[in-house]
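A.B. asks: Build the 3D model from these lines:
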Amino acid sequence: MHKPLTKQNRFDAARKDAGMLELGVCYYPEQWPREKWDEDARRMVELGLTWVRIGEFAWSHIEPQSGTFQWEWMDEAIEVLGCAGLKVILGTPTAAPPKWLVDRYPDILPVDARGVVRKFGARRHYCFSSRRYRLEAARITEAMARRYGDNPFVHAWQTDNEYGDHDTIHSYSDEAKRAFREWLAARYGTVEAMNRAWGTQFWSMHYNSFDEVDLPNNLVEEPTPTHLVDYYRFSSDQVKSFNKVQVDILRRHSPGRPVTHNFMNQNTDFDHYKVGEDIDIASWDVYPMGGLINGRLSDEEKARYLRVGDPDQTAFNHDIYRAVGRGRVWVMEQQPGPVNWAAHNQSPADGMVRLWTWLAYAHGIDMVSYFRWRQAPFAQEQFHAGLLLPNSEVDQGYLEVAQVAEEMVRLPEGEAREKAEVAIVLDYESRFATRALPQGQGYAASAIALDWYSAIARLGVDVDVIGQHADLSGYKLVVAPDLVIADADFIARLKASGAKALFGPRSGSKTREMHIPADLPPGPLADLLDFRVTRVESLPEYHCEPVLYGNTSHAVTGWRELIRTTETMLATFEGGHRQGSPAIIGNAKARYVGTLPRGEFLSKLMGDTLGWANVNSLPDLGDLRLARRGKLHFAFNYGSMPAAVPASPTADFLVGGRELAPVDVAIWTQTP
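C.D. replies: The predicted model follows:
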């Protein structure tokens, strides 16, 4: 038996030096002839890679028939990779249950919102609520953990793969209905308590028992929003409990090895903080090209950033998952070239793989793993680039990873991302609330929050992402773009902290039961600001409302609130409808925005807010972005023209220089 790692040195397996960047790759030995494995492992090490992830889709290769295991190929693959000097991250293969299992237990399959069973033939074809699948997932996880838990080459574990991919959190199966009823009984205790919370006296929706409750799909009209949000909460809790079973098994049989899960770009189908409570390291999968195509920017902006991606979306997600991992975060899949799954799949500009790698490190990531080692010549992902072409020639991503590996040795060891002065609140239950009650077509809380984050980042300010559970000490400014369900304890701690606060529209507008607060919105926020929201309206994009902020009129659309207040009015609506009513109010501690500022208005508002909170900022950086990690300063140029790096005269450049070319990176230290 190999000696297991101790609890004290658990994270020695995760990174050899705290604050040092390590590189890795995703590899699928089962997809390639055995004679390629040794060469592949050797080339990975020569490139400068130290980590390799395997196994997350290998169930049918491990157990081709029920109870018949074929471990030899994986034993050998781990041996080959480990002996070459690579640290293995072993994935549990539960994201892709094999055909024999589906045929034996068809009730493990998920059911979509239309009531259609989602069949075998791809991946993520399981329902989180299936009791049978939970048993089978635990069984294969335990089998793997028993065999490889103390293997000296297995240094970390990944549970499943990309919870939420392909819209797979919400299932409407009979098993989900059963589990939802049980969840409701545990939450409410009595059906009458549920009736009160759901407001079922409306439209004759009263229930006599929990067994009468159906899932909120295929209704004539929308369900009560509390029903819907409770279903989202239930679905989120199912992910957490499913994941925890695997984590507990891995910890029991593989003590000391950290456990991670690879989350996805801005997925808010479940509460990532809660899943993060049970893992050691949060990781996420970085695909900026598809993120741009599917993202918040206008078509004109998408054309401008076509080959570099949204300048702030990736950084925002790095900051999200740094919070989910409580400071311990990896990139498990970094896009190395074109992908195959977006509406359009453009190639990144030469240099972007290098830029994304250094961007990750600047935002606190300690390991970046590229997806994938070699482009597959078959199956669904044939168009998805790898570091190698299908014939094993090097591709552009390989060359850029080699450049990063050469640049890494120039940097000092031990630099860690420090707590920022500004935090932005991401609350998953509030996202559930706006999904249940958008009140306006196209209302997208995720895009609004990213707009606010971007407006701060363009001013050269680092930002942390926090939940309502976070420690607020040290923050000068807390920004909450969409805190619909505000927790009274969070507001009390915010009030007692040294931070100033800026709230966006809808904040505090719903109780946890999805009701309007008894004394009107903003609910608990009234302890910070004296105002009431008496009416809201969602506005179509073709209509704009002028808002006077300072001496400048700005056009807004999408959302407007009617506010009654004794606080100072910082901006007013100036159109023909209720002219002079407050658009932004505030006092010495907090400010509230009753509309959706964008563009120059949002930039001016954020600049003023940073100054009010005594946070140092820079003039608008345009296509340049800055970040700090310890004493290291970083600059990234997303533009098509050279940019001047705002470094002090004492700057000592380790990578790049004072003039930054397009798609380039500068890293420096400077004397304060």
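
A.B. asks: can we go C-alpha only for contacts and neighbour counts from here?
C.D. replies: Will do.

A.B. asks: Enumerate every residue touching R53.
C.D. replies: Taking C-alpha atoms under 8 Å, 6 or more residues apart in numbering, we find R53 in contact with G24, V25, C26, Y27, V88, I89, L90, G91.

A.B. asks: Who wins on neighbours among these?
C.D. replies: G24 (30 neighbours; other C-alpha atoms under 10 Å).

A.B. asks: So for that one, what's the pLDDT?
C.D. replies: Note on G24: pLDDT of 98.

A.B. asks: residues in contact with it?
C.D. replies: Each residue near G24 by C-alpha under 8 Å, 6+ apart is listed here: L49, T50, W51, V52, R53, M367, V368, S369, Y370.

A.B. asks: The fifth one looks like it's in a strand, true?
C.D. replies: Yes. Under DSSP: H, G, I helix; E, B strand; the rest coil, R53 falls within a strand.

A.B. asks: what's the spacing between the residue lying closest to S209 once chain neighbours are set aside and Y207?
C.D. replies: The shortest distance from S209 to any non-neighbouring residue, by C-alpha to C-alpha, 6 or more residues apart in numbering, is to V191 (5.7 Å). Applying C-alpha to C-alpha, to the nearest Å, the value for V191 to Y207 is 7 Å.

A.B. asks: So those two - more neighbours on which side?
C.D. replies: The neighbour comparison of V191 against Y207 (other C-alpha under 10 Å) goes to V191, with 19 against 15.

A.B. asks: And that one, how far from L184?
C.D. replies: V191 is 9 Å from L184, by C-alpha to C-alpha.

A.B. asks: which residues are common contacts for the two?
C.D. replies: Contacts common to V191 and L184, judged by C-alpha under 8 Å, 6+ apart, are F210.

A.B. asks: I would like the residues contacting stretch 398-410, please.
C.D. replies: L21, L47, G48, G351, V353, R354, T357, W358, L387, L388, L654, V655.

A.B. asks: how close does E301 get to V308?
C.D. replies: 11 Å.

A.B. asks: Neighbour count for the two, which is higher?
C.D. replies: A count of neighbours by other C-alpha under 10 Å puts V308 above the other of E301 and V308, at 27 against 13.

A.B. asks: helix, strand or coil for that one?
C.D. replies: Secondary structure, three-state DSSP: V308 is coil.

A.B. asks: hang on, it packs against M352?
C.D. replies: Yes. With contact defined as C-alpha atoms under 8 Å, V308 reaches M352; the gap is 6.5 Å.

A.B. asks: Need the residues touching each of these two.
C.D. replies: Listed as contacting both V308 and M352 by C-alpha under 8 Å, 6+ apart are V663.

A.B. asks: Mind pulling the model confidence for the residue at minimal distance from the centre of the chain?
C.D. replies: Against the mean C-alpha coordinate of the chain, by C-alpha atoms, centre = their mean, the closest residue is Q266 at 4.1 Å. Q266 is assigned a predicted lDDT (pLDDT) of 79.

A.B. asks: in stretch 289-307, what's buried?
C.D. replies: M289, G290, G291, L292, I293, G295, R296, K302, Y305, L306, R307 (16 or more other C-alpha atoms under 10 Å).

A.B. asks: for the fifth one, phi and psi?
C.D. replies: Recorded main-chain torsions at I293 are phi -60, psi -40, according to degrees, to the nearest 10.

A.B. asks: Quick one: classify H261 as helix, strand or coil.
C.D. replies: Following three-state DSSP, the label given to H261 is strand.

A.B. asks: ditto for I169
C.D. replies: Of the three states, I169 takes coil under three-state DSSP.

A.B. asks: Counting neighbours, what do you get for D489?
C.D. replies: Neighbours of D489 under the rule other C-alpha under 10 Å: 12.

A.B. asks: That one and A588: what is the separation?
C.D. replies: From D489 to A588 the distance is 21 Å (C-alpha to C-alpha).

A.B. asks: what does L618 give?
C.D. replies: Distance, L618 to A588, by C-alpha to C-alpha: 23 Å.

A.B. asks: With A145 instead?
C.D. replies: From A145 across to A588, the span is 55 Å (C-alpha to C-alpha).

A.B. asks: More neighbours: which of those two?
C.D. replies: Per other C-alpha under 10 Å, whichever of A145 and A588 has more neighbours is A145, with 22 against 12.

A.B. asks: ends of stretch 572-582, how far apart?
C.D. replies: Start-to-end, stretch 572-582 (C-alpha to C-alpha) is 4 Å.

A.B. asks: Off-centre distance for that stretch?
C.D. replies: Stretch 572-582 sits 38 Å away from the centroid of its parent chain (C-alpha atoms, centre = their mean, to the nearest Å).

A.B. asks: Can you pull the phi and psi angles for E192?
C.D. replies: Here is the backbone geometry of E192 (degrees, to the nearest 10): phi -70, psi -40.

A.B. asks: and it, what is it in contact with?
C.D. replies: Each residue near E192 by C-alpha under 8 Å, 6+ apart is listed here: Y207, N208.
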